[in-house]
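1. predicted model and sequence below, questions to follow.
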Amino acid sequence: MRPLLPASIAILALAATAQAHDRDDLGRLTPVVAPNPKVAGSAAPNVLSPELVETIVAQGANALENPAAVSLGNGKMLEIDHYGYNGNGPMLPTAGDVQAVGHNVEANKTEPDKNTYLVLHHQRGADPDYDYGTHFLFQGHETGATNAAGAVVGYITRINLDADDLHRVTLMAALDTAGATLPTFDGSTWDPWAQRLLFTSEAGSAGGVWQATLDFPSMAEDISGSFGRGGYEGIQNDSDGNVWIVEDSGGGTGAVNTHAKQPNSFLFRFVPRHLGNLREGKLQALQLISLRTHQPIAFHAGQADADILSPDVGDLHTYGKVFQTHWVTIHDTAVDGNVPFDANALAKAKLATPFKRPENGQFQPGTGFRRFFFDETGDTDSRTEAGSAFGGFGSILVLNQSDPSAGSGTLTLFFRGDIDHTGFDNVAFFGRDQVVFVEDRGDGLHAQHNALDSAFLFDTRLDYANPSHRPIRILAQGRDASATLDSGFQGTPGFPNEGDNELTGIHVSNGDPGRHGILGAQDPDLFDDGWRAFYTQQHGDNMTWEILPKGGSNRSDR
């Protein structure tokens, strides 16, 4: 093994190997003391624990090796020519240009999102004579230009990590198998049974799941006839071949609680009828049983205020409470067919339990896919009447089951968010007992609390009900100059892009494309034995980074 990294004041050891989980395998990480403040007109660099560094693997200005044009309808075409920009304007405003409705001073930024890392052989690209290597990072894109039907156009890219600049980023697909433009995508994963990449769209009644082949060009297929439509974001496999989906559908505010939102999102599980065939099977939604009434905790239409501050929601965000859970089937292709359906509406009708904007989740390594961590983003508003006690600042929850396909289990609170740890979004395990959740506070909460986003490392062995146990900030997101400029444009009518940078897409994997390589199957040995860490600094320059140990190297099989 390599020498230990420099000692520091931190109190938490990171990923130990499968043979010695108590060994300080990566050294101790020094906490980043504070988040970057939001200062009008000022950019700021990212700040990592001093034992870590980061390097850009792609950024928005990277030209695609194979640009393409797609129809927006009404005779208009859209150029898809860069990793993070549509070809419908300049990357930065030109001197004297003025934003106006119908005239954009900037091109639409496409916001590459969740990363999926795979080690693959014999991959092809646009250049038939080029060797693309073996290490690849796939993304869907979250925003972009709007077509004539009012839908935002997305696409799928592959970063060729071994390639030169001319072949660095490949456009894998911009149309689906029916010839329609792809929607914007948020989540992604690799399903080794189906041999397909899976991408989720958070577009509510127009959202869903698309499966895409690895070959070039990729064939992307809408499979919402089995998965349903919803505000889908996080997506993961378990060892039985089931697909877990975390929905992010924000609810309405109350008439009294005007800064808090009604829980409106669900945790789903798709159980395929036959392994590898994702067009047939059952979609299930998680149901919690009230500790007070012993009835399902359900959504109540027209009762936002009551749901926001309900005793059940308070119990859910109280340490030590244990809820009994059940999976309820809301759709079965064998009975209901393959016409796309509203999964959120069916979950409500079947009395599944809504959460406060859960966004992502992962199985803890070493638990046999019996322990699933997922987060709630919360209200992303410092004025939330829900506060910490009712999930206003989000949470991290843990679902425990006897096996991944079990019909029942228990759910507990792992961490209750507060104003300093809130807006949880993406998640990755850095080791068997070390999990990192990153924030997506949004521009409004950035300004309210004068803090940009952070990444926090939690020890799953600790009881965070104890106030002496706090997560460690390992990354304070900064703000690049482009995002600083965009932040200044916020509120300008017609401006097409987001403001502050967002910390997203965090991903730790050794790239194993087999069934033993699904996230949660192996104990991560970060920076060794091929294990690598990536994340995307969305908005602004849209940079995708690899995290590395300072003064060392990633001993990946490159």
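-> That came through, no problem.
2. can you give me the end-to-end span of stretch 246-266?
-> 7 Å (C-alpha to C-alpha, to the nearest Å).
3. distance from that stretch to the middle of the chain?
-> In terms of C-alpha atoms, centre = their mean, to the nearest Å, the centre of stretch 246-266 is found 19 Å from the chain centre.
4. tell me the buried residues in it?
-> Using 16 or more other C-beta atoms under 10 Å as the test for burial, stretch 246-266 gives 246-251, 253-254, 257, 260-266. From N, CA and C alone the C-beta is placed, and that goes for glycine too.
5. what's the answer for stretch 308-316, then?
-> 308-310, 312-313, 315-316.
6. contacts for that stretch next, please.
-> 254, 257, 260-263, 288, 290-292, 297, 307, 321, 323, 356, 385-386, 389-391, 395, 397, 413 (C-beta atoms under 8 Å, 6 or more residues apart in numbering).
7. tell me where this structure has helices.
-> For the chain, helices defined by DSSP state H occupy the ranges 224-227, 304-308, 311-316, 333-336, 343-349, 442-449, 481-489.
8. those helices: which one's closest to Q139?
-> Of all these, it is helix 481-489 that lies closest to Q139, at 18.3 Å by C-beta to C-beta.
9. would you mark the buried spots in that closest one?
-> Quick answer for helix 481-489 (16+ other C-beta under 10 Å): 482-487, 489.
10. just the mean pLDDT for that helix, thanks.
-> Averaging pLDDT along helix 481-489 yields 96.
11. can you tell me which of the buried residues of helix 481-489 lies nearest to N237?
-> Closest to N237, out of all of the buried residues of helix 481-489 and judged by C-beta to C-beta, is A483, at 33.4 Å.
12. how far away is the closest residue to that closest one other than its chain neighbours from D113?
-> What sits nearest to A483 in space, not counting adjacent residues and going by C-beta to C-beta, 6 or more residues apart in numbering, is G540, at 2.8 Å. Going from G540 to D113 by C-beta to C-beta, to the nearest Å gives 14 Å.
13. then P358?
-> 16 Å.
14. next one: V119
-> Taking C-beta to C-beta, one finds V119 at 21 Å from D113.
15. neighbour-wise, which of these two wins?
-> D113 (27 against 20; other C-beta atoms under 10 Å).
16. pLDDT wise, what is R23 at?
-> Reading off the model, R23 has pLDDT 35.
17. ok, now how distant is the spatially most central residue of the chain from D403?
-> For the chain, the residue nearest the mean C-alpha position is N426 (4.1 Å; C-alpha atoms, centre = their mean). Applying C-beta to C-beta, the value for N426 to D403 is 26 Å.
18. quick one on the thing from earlier: P45 is nearest to which of the helices of the chain?
-> Of these, nearest to P45 by C-beta to C-beta is helix 481-489, at 10.8 Å.
19. could you list the low-pLDDT ranges of this protein?
-> Applying pLDDT under 70 to the chain picks out residues 1-27, 552-558.
20. most remote residue from it's center?
-> G96 (37.4 Å).
21. for that one, what are its contacts?
-> Counted by C-beta under 8 Å, 6+ apart, G96 has zero contacts.
22. same question for the one 4 residues further on.
-> Each residue near A100 by C-beta under 8 Å, 6+ apart is listed here: 493-494.
23. repeat for E385
-> Contacts of E385 (C-beta under 8 Å, 6+ apart): 254, 256-260, 308-309, 392.
24. now it. Nearest residue, chain neighbours left out?
-> Here the residue nearest E385, using C-beta to C-beta, 6+ apart, is N257, at 4.1 Å.
25. from what I can see that neighbour touches Q303, true?
-> No - N257 lies out of contact with Q303 (C-beta atoms under 8 Å); the separation is 11.6 Å.
26. now distance to F527 too, for the buried residues of helix 481-489, in CSV please.
-> Output for these, formatted as CSV (distance: C-beta to C-beta, whole Å):
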residue, distance to F527
S482, 30
A483, 29
T484, 32
L485, 35
D486, 33
S487, 34
F489, 39
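27. out of those, which is nearest to F363?
-> Checking these against F363 with C-beta to C-beta, the nearest one is A483 at 32.9 Å.
28. mind jotting down where the strands sit in the stretch 51-200 of the chain?
-> In the stretch 51-200 of the chain, the strands defined using DSSP state E, counting those that start in this stretch lie at 52-58, 63-73, 76-82, 116-119, 135-140, 156-160, 169-173, 188-191, 196-201.
29. which residues sit in contact with Q139?
-> Q139 neighbours (C-beta under 8 Å, 6+ apart): 112-116, 156-159, 185, 188, 505, 536, 544.
30. oh, I was asking about H274
-> E280.
31. please redo it, this time with the cut-off set to 6 Å
-> If a contact means C-beta atoms under 6 Å, 6 or more residues apart in numbering, then H274 has no contacts.
32. swap in F270?
-> 227, 243, 281, 283.
33. out of the contacts of E385, which two sit at the greatest distance?
-> Checking these with C-beta to C-beta, the most distant pair is V256 and G392, at 14.1 Å.
34. on that earlier part again, and the residue nearest to the centre of the chain, how far from I235?
-> According to C-beta to C-beta, N426 stands 12 Å off from I235.
35. touching stretch 452-467 from outside, list them.
-> Under C-beta under 6 Å, 6+ apart, the answer for stretch 452-467 is 12, 35-36, 38, 319, 415, 433-439, 441, 446, 469, 471-477, 503.
36. surely N344 is in contact with G230?
-> Yes - the pair N344 and G230 qualifies as a contact (C-beta atoms under 6 Å) at a distance of 5.0 Å.
37. more neighbours: the two, which one.
-> G230 (33 against 27).
38. now P340: closest residue in space, sequence neighbours ignored.
-> P340 sits nearest to S224 (C-beta to C-beta, 6+ apart), 4.2 Å away.
39. neighbours around that neighbour, how many?
-> 21.
40. got it, and T293?
-> Other residues close to T293 by other C-beta under 10 Å number 10.
41. circling back to that earlier point, between the contacts of F270, which is nearest V47?
-> Closest to V47, out of all of the contacts of F270 and judged by C-beta to C-beta, is V243, at 36.1 Å.
42. which residues does the closest one contact?
-> 237, 270.
43. ok, now with 10 Å
-> Counting by C-beta atoms under 10 Å, 6 or more residues apart in numbering, V243 touches 189, 191, 193-194, 198, 209, 226-227, 235-237, 268-272, 278, 281, 283.
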